[in-house]
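Visitor: Mind looking at a prediction? Sequence and model below.
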Amino acid sequence: MGAAPAWHERATALRPDGRCLIEGERRAAAGGVVFAKHSPVDGRLLGDVARGGAADIEAAVRSARSAFEDRRWAGKPPAARKRILVRWAELVLAAREELALIDTLDMGKPIQYALGVDVPATARCLAWYGEAVDKVYDEIAPTPDTALALITREPVGVMGAIVPWNYPLVMAAWKLGPALAAGNSVVLKPSEKSPFSALRLAELALEAGIPPGVLNVVPGYGHEAGEALALHMDVDAIGFTGSTRTGRRMLEYAGRSNLKRVHNELGGKSAFIVFDDFADLGRAARTLAGSIFFNQGESCNAPSRALIHDSIADRFVELLAAEAPQYAPADPLAPATVMGALVDDTQLRTVLGYIEAGRDEGARCIAGGRRALESTGGCYVEPTIFDGVANGMTIAREEIFGPVLSVIRFRSEQEAIQIANASSYGLQAAVWSDRLGRAHRVARALRAGTVHVNQYDEDDITVPFGGFKQSGNGRDKSLHAFDKVTELKTTWLRIDPA
Ligand code: NAD
């Protein structure tokens, strides 16, 4: 990785292109409307972004539809799509520094993670789906001798992908990898808070050989470009990642338009349960701090509720509080920084508002709790821990999406499970116990799409990611993602008797 001054110099020279990418070409939005995009790192202007609207979505969907109908992509043999997706992943890695810098400046994450986590995860995702697509087989049903029934998967057609800003490249790749590998055409709407890297990613797709029109990107606001895409009568499915509030709208849009399939990957309020039989409390505290403060707490699966057995809670909270200072926010462009800036002023105000609500409702703030580095002009908050939280308090119920942890105490296994499940969300959870039977029992009882036992860091493209309850019905990653981007077709053939 370059030294800090080199990143600053490169940041000053960076001129990201915020125009739409439709039919393989960069274009201004209809009427030439733009909005200015500033960086949460220090408030600097990054550039203008096309303010895509209904006319741009119309052009992008038409382009995607005609690419799908003439089979310029879906008609290629799977092995040919594989080669192109693998090449795309190689180009992403070759552009790693540029892509990482764009995301750090656009949404504030530390450069070391943009470079060492987001970019490699994006490349691995694209390559993995490319590699998978010529290795998955269709089915033949166990019918009588007089008939043959083929069960085949076909691409859904034109897919809309609407994604958030917290992992701009990875969230786009989780949608694009399986959708494109399966032969769909896609219109991608990145977040207005982090539009640049998705546009660059799509340019690299063209360079890798994905034909023009197959992948179109329209930046813009949710209530304009996003709504037009989700309401479009010629979009067959929407892959959405974002807040539960917007996910609800996606279902309404589908109901008001063509009943398009909607796959929602939504928010979370994940519980991290530590039992009194777990010996290495230091490791549990380190893992918890590392996970809740990673990406400034702006992760859907952040373990934001720590459920700690009463008999070890005082000791555990001490260990946790000792971890907090090393996550103090610092310059995101400095190579050693572990906590960067929140995405924008709005998010900063939201997080500070939750911290105030925690204090008002009687929780004890034992670490952080304030804005930081204000003189930089950026959006920074201290890593914050509340003790004495009740599960009914606002900070325990609502997704904060910032570096704020609530510690809730429990007295029995049953109570821990009850509190963990008393949430409208069900994305992830963790159980820390040295008793194998308890770990299995509790893991089974937790209503969450992923349960971690005695760790929280493992993650891989090979396993599905998604939630129960109001965390959504989507499943990104793994071969299961193909279920969301394909339709099952049954073809019956009569076999004449001899
Ligand atoms: P958001 O819902 O505000 O926005 C997400 C996307 O939807 C953006 O592209 C936005 O422009 C668009 N959008 C907003 N309003 C819209 C509307 N009315 N019509 C159409 N599109 C609209 O969410 P966010 O703040 O960008 O992201 C944070 C949320 O994403 C958190 O809740 C987080 O938990 C969730 N998230 C979930 C996962 C997951 O896999 N489950 C992963 C990452 C983030």
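Guide: Yep, it's here.

Visitor: Pull the contacting residues for residue 143.
Guide: Applying Cβ atoms under 8 Å, 6 or more residues apart in numbering, we find residue 143 in contact with residue 149. Where you see a C-beta, it was placed from the backbone N, CA and C, and this is true even at glycine.

Visitor: And it, which helix or strand is it part of?
Guide: Using DSSP states H and E, residue 143 sits in no helix or strand.

Visitor: ok, now how distant is it from residue 495?
Guide: Going from residue 143 to residue 495 by Cβ to Cβ, to the nearest Å gives 9 Å.

Visitor: before we move on, what about residue 250?
Guide: Residue 250 is 44 Å from residue 495, where distance means Cβ to Cβ.

Visitor: Looking at those two, which one has more neighbours?
Guide: residue 250 (24 against 11; other Cβ atoms under 10 Å).

Visitor: ok now the helix or strand where residue 187 lies, how far from the chain's centre?
Guide: Element membership for residue 187 (DSSP H and E) is strand 185-189. On the basis of Cα atoms, centre = their mean, to the nearest Å, strand 185-189 sits 16 Å off its chain's mean C-alpha point.

Visitor: and it, what other elements does it pack with?
Guide: helix 54-69, strand 158-162, helix 168-181, strand 215-217 (3 or more Cβ pairs under 8 Å, 6 or more residues apart in numbering; DSSP states H and E).

Visitor: Pipe the ones you listed into CSV and attach distance to residue 40 per row.
Guide: Below are these laid out as CSV (distance: least, Cβ to Cβ, whole Å):
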stretch, distance to residue 40
helix 54-69, 26
strand 158-162, 21
helix 168-181, 13
strand 215-217, 22
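
Visitor: which one of those lies closest to residue 372?
Guide: Distances from residue 372 to each of those were compared using Cβ to Cβ; the minimum, 23.3 Å, belongs to helix 168-181.

Visitor: For that closest one, what is the distance to the chain centroid?
Guide: 10 Å.

Visitor: Kindly provide the whole-number mean pLDDT of it.
Guide: Helix 168-181 carries an average pLDDT of 98.

Visitor: How about stretch 433-450?
Guide: pLDDT averaged over stretch 433-450 gives 98.

Visitor: Next: stretch 253-264.
Guide: pLDDT averaged over stretch 253-264 gives 98.

Visitor: in it, what counts as buried?
Guide: Of the residues in stretch 253-264, 253-254, 260, 262-264 count as buried by neighbour count, 16 or more other Cβ atoms under 10 Å.

Visitor: what's the most distant pair in the residues you listed?
Guide: Going by Cβ to Cβ, the pair spanning the buried residues of stretch 253-264 furthest: 253 and 263, at 13.3 Å.

Visitor: next helix or strand past the helix or strand of the chain with the lowest mean pLDDT?
Guide: Ranked by mean pLDDT, DSSP states H and E, the weakest helix or strand in the chain is helix 4-13, scoring a mean of 89. Next along the chain after helix 4-13, taking DSSP H and E as the criterion, comes strand 20-22.

Visitor: what packs against that following strand?
Guide: strand 25-27, helix 54-69, helix 196-208, strand 215-217.

Visitor: circling back: show me whatever sits in contact with both of residue 253 and residue 263.
Guide: residue 238.

Visitor: Low-confidence stretches in this structure?
Guide: 1-5 (pLDDT under 70).

Visitor: In space, not sequence, find me the middle residue of it.
Guide: residue 171 (4.2 Å; Cα atoms, centre = their mean).

Visitor: now the closest residue to it other than its chain neighbours: how far from the ligand?
Guide: Closest residue to residue 171 apart from its sequence neighbours, by Cβ to Cβ, 6 or more residues apart in numbering: residue 163 at 4.2 Å. Distance from residue 163 to the ligand, counting by Cβ to the nearest ligand atom, to the nearest Å: 6 Å.

Visitor: How about the residues of the stretch 151-300 of the chain by the ligand?
Guide: 162-166, 171, 189, 191-192, 221-223, 226-227, 230, 241-243, 246, 249, 265-268, 300 (Cβ under 6 Å from any ligand atom).

Visitor: Give me the buried subset of the residues you listed.
Guide: Buried, going by 16+ other Cβ under 10 Å: 162-166, 171, 189, 191-192, 221-222, 226-227, 230, 241-243, 246, 249, 265-268, 300, out of those.

Visitor: who are the neighbours in contact with residue 357?
Guide: Contacts of residue 357 by Cβ under 8 Å, 6+ apart are 393-395.

Visitor: ok, the nearest residue to residue 67 once chain neighbours are set aside - contacts?
Guide: Among residues not flanking residue 67 along the chain, residue 213 sits closest, at 3.5 Å (Cβ to Cβ, 6+ apart). With contact taken as Cβ under 8 Å, 6+ apart, residue 213 is in contact with 23-24, 63-64, 66-67, 72, 185.

Visitor: Can I get those in a markdown table including neighbour count?
Guide: Formatted as a markdown table, the contacts of residue 213 follow (neighbours: other Cβ atoms under 10 Å):
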| residue | neighbour count |
| --- | --- |
| 23 | 17 |
| 24 | 18 |
| 63 | 23 |
| 64 | 28 |
| 66 | 14 |
| 67 | 25 |
| 72 | 16 |
| 185 | 30 |
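
Visitor: Could you single out the nearest of the residues you listed to residue 152?
Guide: residue 185 (19.1 Å).

Visitor: so who does the closest one touch?
Guide: 64-65, 67-68, 73-74, 157-159, 213-216 are the contacts of residue 185 under Cβ under 8 Å, 6+ apart.

Visitor: mind running it again at 7 Å?
Guide: 64, 67-68, 73, 158, 213-214 (Cβ atoms under 7 Å, 6 or more residues apart in numbering).

Visitor: Then residue 81?
Guide: Residue 81 touches 130, 133, 181, 183, counting by Cβ under 7 Å, 6+ apart.

Visitor: Please tell me how far the closest residue to the ligand within the stretch 51-200 of the chain sits from residue 343.
Guide: Proximity of the stretch 51-200 of the chain to the ligand (Cβ to the nearest ligand atom) peaks at residue 164, 3.1 Å away. From residue 164 across to residue 343, the span is 9 Å (Cβ to Cβ).

Visitor: what does residue 27 give?
Guide: Taking Cβ to Cβ, one finds residue 27 at 27 Å from residue 343.

Visitor: Could you do residue 480 as well?
Guide: 29 Å.

Visitor: Likewise for residue 94?
Guide: 27 Å.

Visitor: The two: who's more crowded?
Guide: residue 343 (24 against 12).

Visitor: Leaving out the residues flanking it, which one is nearest to the more buried one?
Guide: residue 107 (4.8 Å).

Visitor: Count the neighbours of that neighbour for me.
Guide: 31.

Visitor: residue contacts, it?
Guide: Contacts of residue 107 by Cβ under 7 Å, 6+ apart are 40, 165, 168, 193-194, 343.

Visitor: all strands for the stretch 301-450 of the chain, in order.
Guide: For the stretch 301-450 of the chain, the strands defined by DSSP state E, counting those that start in this stretch cover 305-309, 364-367, 371-372, 380-381, 384-387, 404-410, 425-426, 428-432, 450-453.
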